[in-house]
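K.L.:
give me coordinates for this.
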Amino acid sequence: MEALLESLLSAPDQFLSSNGLKIDECFSEKIISTIKNHQSEEAFYMLDLGVVANLMDTWKRNLPMVQPFYAVKCNTHPDLLATMVAHGSSFDCASRSEIESILALGVSPDHIIYANPCKASSHIKYAAKVGVNLTTVDSLDEIEKIRKLHPKGSLLIRIKAPDESGSRWPMSSKYGALPEEVPQLLQAAQTAGLKVSGVAFHIGSKSRNSQAYKTAIQAAKAVFQEADRLCMPPMHVLNIGGGFVSDALCFEAAAEAVKTAVHRYFSEEERRSLTVIAEPGRFFAETAFTLATNIIGKRVRGEVRHYWLNEGFHGSMMRVDRAALVRSCISLKCMSNNNGNDNEKNPGMMVMHDGGARTFSSIVFGPTCDPIDKVSEGHQLPELEVNDWLVFRNMGAYTLSCSNNFNGFSSAKITYLTN
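P.N.:
Numbering: from 1, shown residues only. Reported below is the predicted structural model:
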């Protein structure tokens, strides 16, 4: 196998994705060299920490006045978290375990927001004990819990963002106070003697409508005005949540929408005391991870090909957009599987799919016996064999963190770090 991979590395310009698109030469070299070093059929991740660093630079360049609180739930890989710490990120935690993991990295409690509007009492007690004071609420019952268990806590009123984001995973059905509920929440916090520091919202994960930030910020400003009407101490925190994607054009549009809305709805005097924070997860994690999977089984039914991978729905693909998964797929074919056919192009080599080769409608299954464990259906793939590879880019968001050991297939993945 080593000789085959060496020969491929000598001609990276022939690399094509399974969609017939050319693959970046540097990236293709990383894939091949990593599989070479892996020397196993087990599925594994590649984590490029350089991508994370570049994305932090992109964030600071486009949203310099917004402090990112990385959403730990998105991906908890220790090296990713450590990189975020090194580049000055704060953190959005939703449980005691997440808070513990971030504190263990040396992060100050002041740089953690307990951004879960409905918290277990024992977790609230722990947050109070370690000094994680900033938290979100969207109900009277939650305010009462904070009053009893964490009276020194500081609240952000989580509002329901206007439902116009077009996000892949909207949040509004589960969290967020309605406009008519806000005055009662503010009054309850005031009566309880709790500090209300500001307002939070989340337009939904993987949003493609940047204008949703403008509408949500306008709604947040209305809460600031209501607090003023109730003669409450001035609020100073605006939490614009997540929903950001790393696609350059989409992110730049979202950043511009945020900046425009903050300037439109908050006066210059208000902005001087305003702290704007956000809870990006996918933005930093998604494109930094690449997943390599091995084909462990095959079945031919006429013109349709069935393939089984050693990774699937219960592993890394539960929360992945299937259309995006297909777009990111790269097939890596080992030509040595051609049983010595000397007429085959580049015999004895491992090559990426030739965009001009014949393809077949294919169904790709995961390894478990669960019938819903299906990676893709109807995807056009070249003729592949057992021990060939399918590589998926952009696999860092809600993959490792959502995987499980169903059917006894381990969710533990070997992760290779690259620069």
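K.L.:
low pLDDT regions in the stretch 201-350 of the chain?
P.N.:
334-350 (pLDDT under 70).
K.L.:
for it, what spans make up the helices?
P.N.:
211-229, 248-265, 268-273, 282-285, 322-327 (DSSP state H, counting those that start in this stretch).
K.L.:
and these as JSON lines, adding distance to residue 182?
P.N.:
All C-beta spots, glycine's among them, are computed from the backbone N, C-alpha and C. Shown next, in JSON lines, are the helices of the stretch 201-350 of the chain (distance: least, C-beta to C-beta, whole Å):
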{"stretch": "helix 211-229", "distance to residue 182": "5"}
{"stretch": "helix 248-265", "distance to residue 182": "16"}
{"stretch": "helix 268-273", "distance to residue 182": "18"}
{"stretch": "helix 282-285", "distance to residue 182": "28"}
{"stretch": "helix 322-327", "distance to residue 182": "36"}
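K.L.:
next, format those as CSV and append mean neighbour count.
P.N.:
As requested, the helices of the stretch 201-350 of the chain are exported to CSV (neighbours: other C-beta atoms under 10 Å):
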stretch, mean neighbour count
helix 211-229, 19
helix 248-265, 17
helix 268-273, 11
helix 282-285, 28
helix 322-327, 16
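K.L.:
so which of those comes closest to residue 399?
P.N.:
helix 282-285 (8.7 Å; C-beta to C-beta).
K.L.:
chain center to the closest one: distance?
P.N.:
5 Å (C-alpha atoms, centre = their mean, to the nearest Å).
K.L.:
which strands or helices does it pack on?
P.N.:
Here helix 282-285 touches helix 49-62, helix 78-86, going by 3 or more C-beta pairs under 8 Å, 6 or more residues apart in numbering; DSSP states H and E.
K.L.:
mind listing the residues bridging to the closest residue to residue 290 other than its chain neighbours?
P.N.:
Distances taken as C-beta to C-beta, 6 or more residues apart in numbering put residue 46 closest to residue 290, at 4.4 Å, once the chain neighbours are dropped. In this entry, residue 46 is beta-bridged to residue 290, residue 416, by DSSP bridges.
K.L.:
how many other residues sit next to residue 46?
P.N.:
23 (other C-beta atoms under 10 Å).
K.L.:
check residue 297 too.
P.N.:
Residues lying near residue 297 (other C-beta under 10 Å) number 12.
K.L.:
just list the residues touching it, thanks.
P.N.:
Residue 297 makes contacts with 307-308, 386, as judged by C-beta atoms under 8 Å, 6 or more residues apart in numbering.
K.L.:
what's the spacing between it and residue 313?
P.N.:
16 Å (C-beta to C-beta, to the nearest Å).
K.L.:
try residue 329
P.N.:
15 Å.
K.L.:
one more: residue 70?
P.N.:
26 Å.
K.L.:
can you check residue 405 too?
P.N.:
13 Å.
K.L.:
follow-up on the earlier one: between the helices of the stretch 201-350 of the chain, which one is nearest to residue 239?
P.N.:
Comparing the helices of the stretch 201-350 of the chain by C-beta to C-beta, helix 211-229 comes nearest, at 8.5 Å.
K.L.:
what's that closest one packed up against?
P.N.:
Taking 3+ C-beta pairs under 8 Å, 6+ apart as the contact cut, helix 211-229 packs with helix 182-191, strand 195-200, helix 248-265.
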